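Trainee: Build me a model from this:
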Amino acid sequence: MMKLPTLTAGFLLTFFCGLMPAGQVSAGLRAVPAGVATTPDNFGPVGGTPLLSPTERASFLVAFEQHVARTYIGAGLAAAALPLPVYRQALLGFYNLQQQGQIGAGSHTISIADFSQSSNRERLWVVDIATGRLLHHTLVAHGKNTGEEYARDFSNVEGSEKSSLGFYVTGPTYQGKHGLSLRLRGVDAGYNTNARSRAIVVHGADYVSQDFVSRHGRLGRSQGCPALPAAESSAIIRTIKGGTVLYIHGPTEASYRSSLLELDAALLAFARGQQQLVSRPG
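Mentor: The predicted structure follows:
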């Protein structure tokens, strides 16, 4: 029997593909205003005028939802137990960060940790959203004061030993006490901007393993870092280092509300990217 997320994704793809003629969507993509002036925080245009006209928003949204559904299906994310709404949120943040210039136009890798799920499950996915490929799928630990099996409490406070929700941009690697490790820059105001001073990084750890779960009934916990299985961490770190996006999603009761989920700016960045693909020679 097919899982519900797969059915949902298939419905979305069929629905949005049929909602608007392909030529009209393409015309909308070509009509992206290349010189839109935005406010300093890049979340809205000067003077309060909407970033997109209603026609642009409608056509860009159709293309975006097609992209979400197509890459979700292509990467097999339903079978890998990544909820479609979480994946869509991650892409909204990804394109908002691209619109702000916090990641490069050529960036196409996103890591998603779903801390609404049990820590006993493989709840980290690394996806190439350009090709629709699942690159890595594994366990990931949350902070010791965030919860036991389930993540409940989150903080941006130094010394809290809690995980922080939201969007990060990956930085350079270094050799630390856990071996190859990856610096993170928290870019989600009010949620994770103290990541650097808190030394929140991606690293491997022996307590992140199915063997640990079997012995203790839950995964081991970190001091707030998204720690990975020691045997897999180096390969994952090399995949995601140097300017890719990490999104840490939390349970509903965490009440995460971020300006990085703003729709118009995300649609604008997505449409510009599609326009660049169409205009490439060959």
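
Trainee: those strands in the stretch 1-150 of the chain, which residues are they?
Mentor: Remark: strands assigned in the stretch 1-150 of the chain by DSSP state E, counting those that start in this stretch are 109-114, 124-128, 133-138.

Trainee: Turn these into JSON lines, columns for mean pLDDT.
Mentor: Shown next, in JSON lines, are those (pLDDT from 0 to 100):
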{"stretch": "strand 109-114", "mean pLDDT": "98"}
{"stretch": "strand 124-128", "mean pLDDT": "98"}
{"stretch": "strand 133-138", "mean pLDDT": "98"}
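
Trainee: And the ones you listed: which comes nearest V157?
Mentor: Proximity of the strands of the stretch 1-150 of the chain to V157 was assessed by CB to CB; the nearest stretch is strand 109-114, lying at 19.7 Å. For the C-beta atoms, the positions are set from N, CA and C on the backbone; glycine is no exception.

Trainee: Run through who's touching that closest one.
Mentor: 82-83, 86-87, 90-91, 94, 123-129, 135, 140, 170, 226, 236, 239-240, 244-249 (CB atoms under 8 Å, 6 or more residues apart in numbering).

Trainee: what do you get for stretch 170-180?
Mentor: 111, 181-185, 201-205, 227, 230, 233-234, 237-238, 240-246.

Trainee: pLDDT on that stretch, on average?
Mentor: If you average the pLDDT over stretch 170-180, you get 97.

Trainee: how about it as PDB, C-alpha atoms only?
Mentor: Taking C-alpha atoms only, stretch 170-180 is exported to PDB below (Å, rounded to 0.1, in the frame of the first residue of the first chain):
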ATOM      1  CA  THR A 170      27.500  25.900   6.700                       C
ATOM      2  CA  GLY A 171      31.000  27.200   7.000                       C
ATOM      3  CA  PRO A 172      34.500  25.700   6.800                       C
ATOM      4  CA  THR A 173      35.700  22.400   8.300                       C
ATOM      5  CA  TYR A 174      38.200  22.000  11.000                       C
ATOM      6  CA  GLN A 175      39.800  19.100  13.100                       C
ATOM      7  CA  GLY A 176      38.400  19.100  16.600                       C
ATOM      8  CA  LYS A 177      38.100  16.600  19.500                       C
ATOM      9  CA  HIS A 178      35.500  14.700  17.400                       C
ATOM     10  CA  GLY A 179      37.600  14.700  14.300                       C
ATOM     11  CA  LEU A 180      36.500  16.400  11.100                       C
END
